[in-house]
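Q: here's a sequence, model it:
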Amino acid sequence: MNELYYGDNLDVLRDFESECVDLVYLDPPFNSNANYNVLFKSPQGQESQAQIEAFEDTWHWGEQAEREFGELLRQENTDVAAMMTALRGFLSENDMLAYLTMMANRLLQLHRVLKPTGSLYLHCDPTASHYLKIVLDGVFGGDKYKNEITWKRTTTHSDSKTWSRVSDIILFYTKSDSFTWNTPRESHSDSYLAVKYRFDDGDGKIYRLDNMTSPNPRPNMMYEWKGFPYPDKGWRYSKETMARLDAEGRIWYPTNSDGTMATDRRPQLKRYLEEMEGGVMGCIWTDIPPINSQAQERLGYPTQKPLALLERILNASSNPGDVVLDPFCGCGTALHAAQKLGRRWIGIDITHLAISLIEKRLKAAFKGDVHYETHGTPKDLPGAQDLFQRDPYQFQWWACSLVDAHPYKGKRKGADGGIDGVIYTRDELSGDPKRLLVSVKGGANVDVKMIREFAHVVDSNKAIIGLFVTLAPPKSTMLKEAASAGFYHCPHNGKDYPKIQILTIEGLLLDHERPQYLDLSQGTTTFKQAPREKGPKQKQAKLA
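A: Below you'll find the model as predicted:
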């Protein structure tokens, strides 16, 4: 079973059994001067007001960091405790130490859940990669470090003040010396093929010539073959093998100008291009471009990684049926790749926005042919009430996902004008998209004044419909006020839809209530859909 978890990955991981995961890929947030945001674009291509903070880069030293540092000192891996103590002496209590403390606790749990044959890939930028490698050495042991992969993620920047920063780092560690490994190979370059594979007997099979002499003295291979004397150290192949290769036309014989055998030269073996694997791939990857603004797979998530990058990692370090875990799953690229390649998967994220994006992505890419269970999101009214009490802003994000809206603002407090979510719809065959606004109320007291004010917000923002989503049941006066707002007349089908629609959380969860409006784009104007996959496959997609 595939599983998706909402929550702090440290808490979630502590509930996992030991040695249950085959491969871990993680791309944890860290950039000392930036917040990571999801920027939703309006249908006209401009940045909308909906700037959603998917996760904040708030690794600051404080009570939580101090508490987690104490946990590091008490856990059983004394190497990690000693290393983190040394780093604290060097760095003092700054943001970097807070980040490393948070990461060390999570990496210890990831090491625990990895199977003995498992591997971990940690994706980061050069800001913290050197410190993370020290922490990983403590968690896994320095002898379990395998590679530092450099991925060229962009071209050089003309405004760079020093060497242009164009790469990310991926640190590769294994749990033991017996780890899953499927050697990745890269295609031969055109220049290599032009020099090496120059021969064709007219049957369309291109080949190169290879030496047939033994590299070491082999007395039993010292025999004459079709008038050709044996080399000083003998032939590479036995008589029986030479006869088979000859019968298959795999031996090239040198000839004189009159067509006779040139026995003063050596026969050579024909190695056909179609039978030769590419070269073993190195640790510098320059052939996978980033997600640019025109990429078909782009979903609008700023740190989204290319699917081809994750496919390469999964193909190398896992097999079909293996379990892949991404504890910072963001928009779900690792989960998408795992589903595509026939792996089972587990994803964890601390925001409901990410969980909602992943669910939409998988639904679009696999058209229902993907089965998973989501943990930590409300399944009933008490669960929704509990989420609102714990985190009202996460509740808003989650409630917006129930009506397929993207949130209007992040979880920071600020004036939002009574708008919590936005839906874009196309209800005409031509013309610009239209907007629906969403207001979410989680408190126990809702009243008619809220409906009246929201109706004014809908009109003043030139939206066609307003959705009032409430955790508490609406009063009869609220229903009357909503009805008095009238209807929106749809030009395409001629139907009238209520201008203000009151929807309850309980009704949405039970699927007894749904928003009423027409969208000819079927949701793709609000959220960009992932390209549809044709089904599981075992081979990495051809790179563009």
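
Q: tell me the pLDDT of residue 409.
A: Residue 409 is assigned 60 on the pLDDT scale.

Q: can you give me the domain assignment for the protein?
A: 2-186+281-311+339-375, 190-275, 381-509 (automatic domain parsing).

Q: can you redo these as CSV with mean neighbour count and distance to residue 330?
A: (Each C-beta comes from the backbone N, C-alpha and C, glycine too.) As requested, those are exported to CSV (neighbours: other C-beta atoms under 10 Å; distance: least, C-beta to C-beta, whole Å):
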stretch, mean neighbour count, distance to residue 330
domain 2-186+281-311+339-375, 17, 6
domain 190-275, 13, 36
domain 381-509, 18, 15
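
Q: of all the ones you listed, which one comes closest to residue 518?
A: Within the domains of the chain, the stretch nearest residue 518 is domain 381-509; the backing value is 4.4 Å (C-beta to C-beta).

Q: closest to residue 533 out of the domains of the chain?
A: Between the domains of the chain, domain 2-186+281-311+339-375 lies closest to residue 533; by C-beta to C-beta that is 4.9 Å.

Q: can you give me the strands in the stretch 401-544 of the chain?
A: 406-407, 421-425, 434-441, 465-470, 487-489, 496-498, 500-504 (DSSP state E, counting those that start in this stretch).

Q: per-residue pLDDT of residue 301, please?
A: Turning to residue 301, the model gives it a pLDDT of 59.

Q: where does the stretch 51-200 of the chain have low pLDDT?
A: 51-58, 188-189 (pLDDT under 70).

Q: cutoff 50 now
A: Across the stretch 51-200 of the chain, residues meeting the criterion (pLDDT under 50) sit at 51, 57.

Q: so where do the helices sit in it?
A: 63-74, 78-91, 95-113, 129-140, 190-196 (DSSP state H, counting those that start in this stretch).

Q: between helix 95-113 and the first one, find me the angle.
A: Here helix 63-74 runs at 50 degrees with respect to helix 95-113, directions being taken by axes from the mean of the first three to the mean of the last three C-alpha atoms, to 10 degrees.

Q: output the contacting helices and strands for helix 63-74.
A: helix 78-91, helix 95-113 (3 or more C-beta pairs under 8 Å, 6 or more residues apart in numbering; DSSP states H and E).

Q: chain center to the longest one: distance?
A: Put plainly, it is helix 95-113. Its chain's C-alpha centre and that of helix 95-113 lie 20 Å apart, by C-alpha atoms, centre = their mean, to the nearest Å.

Q: stretch 17-35 now?
A: Relative to the mean C-alpha coordinate of its chain, stretch 17-35 is positioned 11 Å out (C-alpha atoms, centre = their mean).

Q: rewinding a little: in TSV, list the helices and strands packed on helix 63-74 along with distance to residue 447.
A: Below are the helices and strands packed on helix 63-74 laid out as TSV (distance: least, C-beta to C-beta, whole Å):
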stretch	distance to residue 447
helix 78-91	53
helix 95-113	43
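
Q: looking at those helices, which is closest to residue 10?
A: helix 95-113 (5.5 Å).

Q: just the CA atoms of that closest one, as CSV, please.
A: Taking Å, rounded to 0.1, in the frame of the first residue of the first chain, the C-alpha atoms of helix 95-113 are listed here in CSV:
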residue,chain,number,x,y,z
ASP,A,95,20.5,29.3,12.2
MET,A,96,22.8,26.7,10.6
LEU,A,97,23.2,24.8,13.9
ALA,A,98,19.4,24.8,14.3
TYR,A,99,19.0,23.4,10.8
LEU,A,100,21.7,20.7,11.4
THR,A,101,20.1,19.8,14.7
MET,A,102,16.7,19.3,13.1
MET,A,103,18.2,17.3,10.3
ALA,A,104,20.4,15.1,12.5
ASN,A,105,17.3,13.8,14.4
ARG,A,106,15.5,13.1,11.2
LEU,A,107,18.5,11.4,9.6
LEU,A,108,18.8,9.1,12.6
GLN,A,109,15.2,8.0,12.1
LEU,A,110,15.7,7.6,8.3
HIS,A,111,18.8,5.4,9.0
ARG,A,112,16.7,3.3,11.4
VAL,A,113,13.9,2.7,8.9
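
Q: now do it against helix 129-140, angle only.
A: 30 degrees.

Q: any idea which of the strands of the stretch 401-544 of the chain scores lowest on pLDDT?
A: Among these, strand 406-407 scores lowest, at a mean of 83.

Q: that strand - contacts with which helices or strands?
A: Using 3+ C-beta pairs under 8 Å, 6+ apart: strand 406-407 touches strand 47-55, helix 392-402, strand 421-425.

Q: how about 10 Å then?
A: strand 36-41, strand 47-55, helix 352-366, helix 392-402, strand 421-425, strand 434-441 (3 or more C-beta pairs under 10 Å, 6 or more residues apart in numbering; DSSP states H and E).

Q: residue nearest the centroid of this structure?
A: residue 333 (2.2 Å; C-alpha atoms, centre = their mean).

Q: residues contacting residue 185?
A: 276-281 (C-beta atoms under 10 Å, 6 or more residues apart in numbering).

Q: among those, show me the least confident.
A: Scoring the contacts of residue 185 by pLDDT puts residue 278 last, at 68.

Q: residue 319: which of the domains of the chain is closest?
A: Of all the domains of the chain, domain 2-186+281-311+339-375 sits nearest to residue 319, with 6.3 Å by C-beta to C-beta.

Q: start and end of the closest one, how far apart?
A: One end of domain 2-186+281-311+339-375 sits 11 Å from the other (C-alpha to C-alpha, to the nearest Å).

Q: same question, stretch 68-83
A: Termini of stretch 68-83 sit 15 Å apart (C-alpha to C-alpha).

Q: does the closest residue to residue 106 other than its chain neighbours sit in a helix, a strand or a coil?
A: Spatially, and ignoring its direct neighbours in sequence, residue 106 is nearest to residue 10 (5.5 Å; C-beta to C-beta, 6 or more residues apart in numbering). Using DSSP: H, G, I helix; E, B strand; the rest coil, the structure places residue 10 in helix.

Q: quick one: contacts for residue 10?
A: 68, 71, 102, 105-106, 108-109, 327, 348, 350.

Q: show me what the nearest residue to residue 211 once chain neighbours are set aside is bridged to.
A: Closest residue in space to residue 211, ignoring its immediate chain neighbours: residue 268 at 6.6 Å, by C-beta to C-beta, 6+ apart. For residue 268, the beta-bridge partners under DSSP bridges are residue 252.

Q: what's near enough to touch residue 268?
A: By C-beta under 10 Å, 6+ apart, the neighbours of residue 268 are 208-213, 250-254.

Q: repeat that with 8 Å
A: 209-212, 251-252 (C-beta atoms under 8 Å, 6 or more residues apart in numbering).

Q: model confidence score at it, please.
A: 94.
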